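1. what follows is a predicted protein model with its sequence.
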Amino acid sequence: MSEAPAHAVAVERCERLLEHDITDLCEATNAAIIEGGGFGWLEPQERETLTRHFRGVLLVPERELFLARLDGRVVGSAQLARPPRYNEAQAIGAQLTHAYIAPYARGFGLARKLVRAVEERAAALGHRMLNLDVRETQAAAIQIFEALGYTRWGTHPAYARVRGQIVAGHFYHRMLEAPRRKGQ
C-alpha cells in the first residue's frame, strides 16, 4: 500500500485579500454555513455579501482576519476581536470569533493551528485572556476548544435560534502566556 500524499497546511494573518482567496473563502464559508458551524449565518450567502463582509473585517482597526490554507487554498478563517482603545479596563482580554474550517478540509489539524495562531497574536498584542462563545450544536468545535484548554465558564440557555429551535450557547476563556523574549 502506498501512503496518502502529504498536504500542505498553513495559517496566516491576512492583511489583504486576493481575488482567488476571496473565491476560496466564500466557498469555504458557505460550506461551513451549510454544515451548521462557524458563523452566525444560517443560510449560504451570495458571494457579494461575503466579499463585503471579509473586506470590511480588514478595515476595522480592532479586528484581524486569519486564514487557514490546505494545499494553498483558503479553507477556513477566524477573527481576533480586540477591545477598542478607550476600553483600557478590558484590554486584558480579546475575543476569538467566527472560527471555522470547511467540512471538506477537516482532519488535517487546521482548526487547532488556526486557534493557536489567534492565541499567539493576541498574546503578542498584550492580551492575557482569550474569550469565545459557541452554540451547543457545534460539538466538534466544543471538543477542540476544550482539548486546547479552554474553560467553559457559563451557558446561556437561549443563545440563538437555529431553524426555529432555541439553542444554548457556551462561553469559554483561556489564559494566555506572555510571549517569551529571545534568550529567555
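-> On my side now, so go ahead.

2. list the buried ones in the lengthiest helix in the chain?
-> The single longest helix within the chain, with elements called by DSSP state H, is helix 19-35. Of the residues in helix 19-35, those buried by neighbour count under the rule 16 or more other C-beta atoms under 10 Å are 21-22, 24-33. Where you see a C-beta, it was placed from the backbone N, CA and C, and this is true even at glycine.

3. now swap in stretch 58-78 and tell me
-> When burial is assessed from 16+ other C-beta under 10 Å, stretch 58-78 yields the following buried residues: 63-70, 73-78.

4. mind putting those into a markdown table with pLDDT and distance to residue 121?
-> What follows is the buried residues of stretch 58-78, written out as a markdown table (pLDDT from 0 to 100; distance: C-beta to C-beta, whole Å):
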| residue | pLDDT | distance to residue 121 |
| --- | --- | --- |
| 63 | 97 | 12 |
| 64 | 98 | 6 |
| 65 | 98 | 11 |
| 66 | 98 | 8 |
| 67 | 98 | 13 |
| 68 | 98 | 14 |
| 69 | 98 | 17 |
| 70 | 98 | 21 |
| 73 | 97 | 22 |
| 74 | 98 | 18 |
| 75 | 98 | 19 |
| 76 | 97 | 16 |
| 77 | 97 | 14 |
| 78 | 97 | 10 |
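
5. circling back: just send the buried residues of helix 19-35 back as JSON lines, with distance to residue 112 and pLDDT too.
-> Shown next, in JSON lines, are the buried residues of helix 19-35 (distance: C-beta to C-beta, whole Å; pLDDT from 0 to 100):
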{"residue": "21", "distance to residue 112": "22", "pLDDT": "97"}
{"residue": "22", "distance to residue 112": "25", "pLDDT": "97"}
{"residue": "24", "distance to residue 112": "20", "pLDDT": "98"}
{"residue": "25", "distance to residue 112": "20", "pLDDT": "97"}
{"residue": "26", "distance to residue 112": "24", "pLDDT": "97"}
{"residue": "27", "distance to residue 112": "22", "pLDDT": "97"}
{"residue": "28", "distance to residue 112": "17", "pLDDT": "97"}
{"residue": "29", "distance to residue 112": "20", "pLDDT": "97"}
{"residue": "30", "distance to residue 112": "23", "pLDDT": "97"}
{"residue": "31", "distance to residue 112": "19", "pLDDT": "96"}
{"residue": "32", "distance to residue 112": "16", "pLDDT": "95"}
{"residue": "33", "distance to residue 112": "22", "pLDDT": "94"}
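
6. can I get those in CSV including distance to residue 96?
-> Formatted as CSV, the buried residues of helix 19-35 follow (distance: C-beta to C-beta, whole Å):
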residue, distance to residue 96
21, 21
22, 22
24, 21
25, 18
26, 21
27, 23
28, 18
29, 17
30, 21
31, 20
32, 15
33, 18
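
7. so which elements touch the longest helix of the chain?
-> On a contact count with 3 or more C-beta pairs under 8 Å, 6 or more residues apart in numbering; DSSP states H and E, helix 19-35 meets helix 47-59, strand 73-81, strand 93-101.
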